[in-house]
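**Q** build the 3D model from these lines:
(chains A and B)
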Amino acid sequence: MHTEKVYDVSPPKLIGRTVHAVLTSYNIDVDPLVVERSVSEIPRSYGGDYGIPIMRFLRQVKDSQEKNKIVNEIIERLKSEPTVRNAVFVRGYINVDLDVSSLAKIVFEAVRHDGKEYGYVKTSRPQRIVVEHTSANPVHPLHIGHARNMSLGDTLAKLLRARGHKVQTRYYINDAGRQMAVLVYGIKMLGSYSPPKNVKIDHWLGLVYAITHTLVDVLTLKKEVERLREKGGEEYREKLSELDKLMAVLARLRERDPALFDKLAQAISSDPNPEESIAEIMRKYEFRTDEEIVKLTRRIVEDCLKGFKETMRRMGVDVEVWDWESDLIWSSMVAKILEEARKSPYFTIHKGAPALNLASLQEDPEIAEKLELPKSFKIPSLILARSDGTTLYTTRDIAYTIKKFREFKADKVINVIAAEQRLEQLQVRLALIALGYKHEGFNLIHYAYEMVSIPGMSMSGRRGEYITLDELIEAAIKRAREEVDKRQPDLPEDERQKIAEAVGIGAVRYSLVSVAAQKPLTFNLEEALNFERNSAPYIQYTYARAHNILAKYGKPIPWDQIDYSAAEENELRRTLVIQASMFPYIFAKAADELKPELLVAYINRLADVFNKWYPQDHVIREPDEGKRAFKLALTKTVETILENTMRILGIPVLERL
RNA sequence: GGGCCCGUAGCUCAGCCAGGAUAGAGCGCCGGCCUGCGGAGCCGGAGGUCCCGGGUUCAAAUCCCGGCGGGCCCGCCA
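**A** Numbering: from 1, shown residues only, chains lettered A, B, ... in the order given. Sure thing, here's the model as predicted:
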């Protein structure tokens, strides 16, 4: 693969390798990665393109003659590299001026031969990796938070695959547990399961769930208030105001479907003990003692997933394996975990329930370090089962983790799960280690992401307060359509709509992976669809421009007629070549560090430079054949990188928009 | 009460783990230019106590300690 050659001569690799080799020959021991990462882009006015603060590595060298000798040797070695024009020592830095003509030759050859694979440097240590993502509970429709999850998960999977890993994607269907039982209870209260045809099924189920959940909460809270009335005081007033708020939620829910609401309200209020009815459904499903409940639950979940899959398909997201939580229980995998726990030295009884004492594991320094445990915080004991024998989410998650590792013979499992589940995810890893599943415990990665907020909107699935992802997609497409109608009024209607869909979807995905996962993200539709800057449409547009310049030329790129000296004639051409040479490096870094946002920042910058370049340095009208060949190759290179990045980010590639 | 994450220009964000030159982009704002390979154009400018206070270091946005502000978590929920 020619991409490897580009990777090797990319400035951080080249300079890092050279510096490290010389330092090592002088018995200066430094981490090659630290050296490589000290290489940074510098302003041209510093006399080069990339620089490295060399003095920080020469601290231990006391003799200044010796220092000079080392610096000079590094400079000489760098100068002997074909892609280096000059290297100088300035104010503690070694600055490298690149020979962009030689660099261009290497980059163009790679683009020419690797094409759609250009930039996808293969790892030297391929692994088997499971990426679990989306995994929304099948009780309400997907919303913007799930969209961040699926965009990150799908992008990571594509990124790791392109890097040469074997990747499997999985979705965990949480069909056991209380939430599901609440929805099933609601459906049962309606008498028969007959969802309306004119509403998307997951949206309707979400409404039933929200109404049922809130009604049950209100009844429970009312009893509580009743009980506290005599006593009065702070607690009573708090519960009372909580009840007020819930009543307001109920009123809003009723507006959405009065008939459905009234039917549920009447049925539930005539149930003497809804909490017990829900618990009973949960038991019947988990212990599989009531085939009717099993069938109904499965049918509801299947229906809800149909809705999810439709939304995911629109987002361009595909998951390979769908795992049912209930299958883990029924296949006795969860029972086995419980059994193993009982035999483990960490087993304990906590508040009368079987549990694992995880705090004692914290004392092991290896575990504390590898799992990055908080120091002055005692991990609470993990309760494994309810007193009625039903299992708990975390216990089932332990079994599921083992399943994921086993079935794919995975080296690593990446769970894309909200940051609010940090403690739970930590407990899973600790529990695995406690039960002797060390490989699993140490190689389970919680890829945590923070919440997505939409200005002026608070969200709660239990209360039915959310903007669904479907609505968001529609809004994005509608907004995109307005722009497309403005720009391309002559295109046929159906084509404009197709373009608008590709633009809308791309815009949502781009903005959801553009911010580092551990930061809270504010989603702004207008910004996501800003056609002018830092957005998927902007990248799609830039691609289309590059593509159409090449289409206008109409012939194959004359690779063999390129005059490489053209590279040095224009600053923007130089910058583009250097940026193009950085693509494999950025790609590898994004994959290895699980940071898709690096790719987003990179591609945005490349588009900026390209958009600045082509209007002022005409490609097709270039009279000199060799120079025109160079410009065509450069355009092809940019087009290729844009396309190869969009493919990873799941942004549809369009030839016109 | 404890733990985790975040805090950088008016706004949205890079940079922080792996300390180094004058802290970067984009939006917005101000002032100019422009008839284009698809105007979704170009050039210039202003704008910063890198949340605060200590410490380590030749050197701190970056590391350590102590605060402040925001979010999340600490359930026989998921």
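
**Q** which strands and helices sit next to the helix-or-strand element of chain A with minimal mean pLDDT?
**A** Sorted by mean pLDDT, DSSP states H and E, the helices and strands of chain A end with helix A:365-370, the least confident at a mean of 83. Helices and strands touching helix A:365-370, by 3 or more CB pairs under 8 Å, 6 or more residues apart in numbering; DSSP states H and E: there are none. C-beta: built from backbone N, CA, C; applies to glycine.

**Q** do I have it right that A:Pro82 meets A:Val100?
**A** No. In this structure A:Pro82 lies outside contact range of A:Val100 using CB atoms under 8 Å: 11.5 Å.

**Q** between the two, tell me which one has more neighbours.
**A** Shown here are A:Pro82 and A:Val100; by other CB atoms under 10 Å, A:Val100 has more neighbours (25 against 12).

**Q** contact partners for that one?
**A** A:85, A:567-568, A:573-574, A:577-578 (CB atoms under 8 Å, 6 or more residues apart in numbering).

**Q** so of these, which ones are in strands?
**A** Judged by DSSP state E, these include A:Arg85 as members of strands.

**Q** out of the contacts of A:Val100, which is nearest to RNA strand B?
**A** A:Arg573 (11.1 Å; CB to the nearest atom of the strand).

**Q** now do the closest residue to that closest one other than its chain neighbours, the pLDDT please.
**A** Leaving aside its sequence neighbours, A:Arg573 sits nearest to A:Ala567 (CB to CB, 6 or more residues apart in numbering; 5.7 Å). If you check A:Ala567, the pLDDT there is 93.

**Q** give me the mean pLDDT for stretch A:533-546.
**A** Mean pLDDT, stretch A:533-546: 91.

**Q** now that stretch: how far from the chain's centre is it?
**A** With CA atoms, centre = their mean, to the nearest Å as the basis, stretch A:533-546 stands 21 Å off its chain's centre.

**Q** which other residues reach that stretch?
**A** Contacts of stretch A:533-546 (CB under 8 Å, 6+ apart): A:480, A:483, A:502-503, A:506-507, A:509-511, A:514, A:527-532, A:603-604, A:607-608, A:610-611, A:614, A:635-636, A:638-639, A:642-643, A:645-646, A:649, A:651-657.

**Q** of those residues, list those near RNA strand B.
**A** A:483, A:514, A:527, A:530-532, A:608, A:611, A:614, A:655-657 (CB under 7 Å from any atom of the strand).

**Q** in JSON lines: those, plus secondary structure and neighbour count.
**A** As requested, these are arranged in JSON lines below (DSSP: H, G, I helix; E, B strand; the rest coil; neighbours: other CB atoms under 10 Å):
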{"residue": "A:Glu483", "secondary structure": "helix", "neighbour count": "17"}
{"residue": "A:Ser514", "secondary structure": "coil", "neighbour count": "21"}
{"residue": "A:Glu527", "secondary structure": "helix", "neighbour count": "14"}
{"residue": "A:Asn530", "secondary structure": "coil", "neighbour count": "17"}
{"residue": "A:Phe531", "secondary structure": "coil", "neighbour count": "18"}
{"residue": "A:Glu532", "secondary structure": "coil", "neighbour count": "9"}
{"residue": "A:Asp608", "secondary structure": "helix", "neighbour count": "15"}
{"residue": "A:Asn611", "secondary structure": "helix", "neighbour count": "17"}
{"residue": "A:Tyr614", "secondary structure": "coil", "neighbour count": "20"}
{"residue": "A:Glu655", "secondary structure": "coil", "neighbour count": "11"}
{"residue": "A:Arg656", "secondary structure": "coil", "neighbour count": "16"}
{"residue": "A:Leu657", "secondary structure": "coil", "neighbour count": "23"}
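
**Q** domain parsing for chain A?
**A** A:3-98, A:128-173+A:322-453, A:178-319 (automatic domain parsing).

**Q** mean neighbour count, these: which tops it?
**A** Among the domains of chain A, ranked by average contacts under mean count of other CB atoms under 10 Å, first place goes to domain A:128-173+A:322-453 (a mean of 19).

**Q** reformat the contacts of A:Val100 as a markdown table; add distance to A:Asp560.
**A** Converted to a markdown table, the contacts of A:Val100 look like this (distance: CB to CB, whole Å):
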| residue | distance to A:Asp560 |
| --- | --- |
| A:Arg85 | 25 |
| A:Ala567 | 16 |
| A:Glu568 | 20 |
| A:Arg573 | 19 |
| A:Arg574 | 23 |
| A:Val577 | 18 |
| A:Ile578 | 23 |
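
**Q** and A:Asp202, how far from RNA strand B?
**A** 16 Å (CB to the nearest atom of the strand, to the nearest Å).

**Q** what pLDDT does that residue get?
**A** A:Asp202 carries a pLDDT value of 97.

**Q** spatially nearest residue to it (excluding sequence neighbours)?
**A** Leaving out its chain neighbours, the residue that sits closest to A:Asp202 by CB to CB, 6+ apart is A:Gly307, at 2.9 Å.

**Q** got the phi/psi numbers for the residue of the stretch 1-150 of chain A at minimum distance from RNA strand B?
**A** Of all residues in the stretch 1-150 of chain A, A:Gly51 sits closest to RNA strand B, at 2.5 Å by CB to the nearest atom of the strand. Here is the backbone geometry of A:Gly51 (degrees, to the nearest 10): phi -140, psi 160.

**Q** isn't it up against A:Gly92?
**A** No. With contact defined as CB under 8 Å, A:Gly51 does not reach A:Gly92; the gap is 9.8 Å.

**Q** close enough to count as contact, A:Ser381 and A:Asn357?
**A** Yes. Counting by CB under 8 Å, A:Ser381 touches A:Asn357, with 5.2 Å between them.

**Q** now do the shared contacts for the two.
**A** With CB under 8 Å, 6+ apart, A:Ser381 and A:Asn357 have common neighbours A:348, A:350.

**Q** quick one: low-confidence parts of the stretch 201-350 of chain A?
**A** In the predicted model, the stretch 201-350 of chain A carries no residue with pLDDT under 70.
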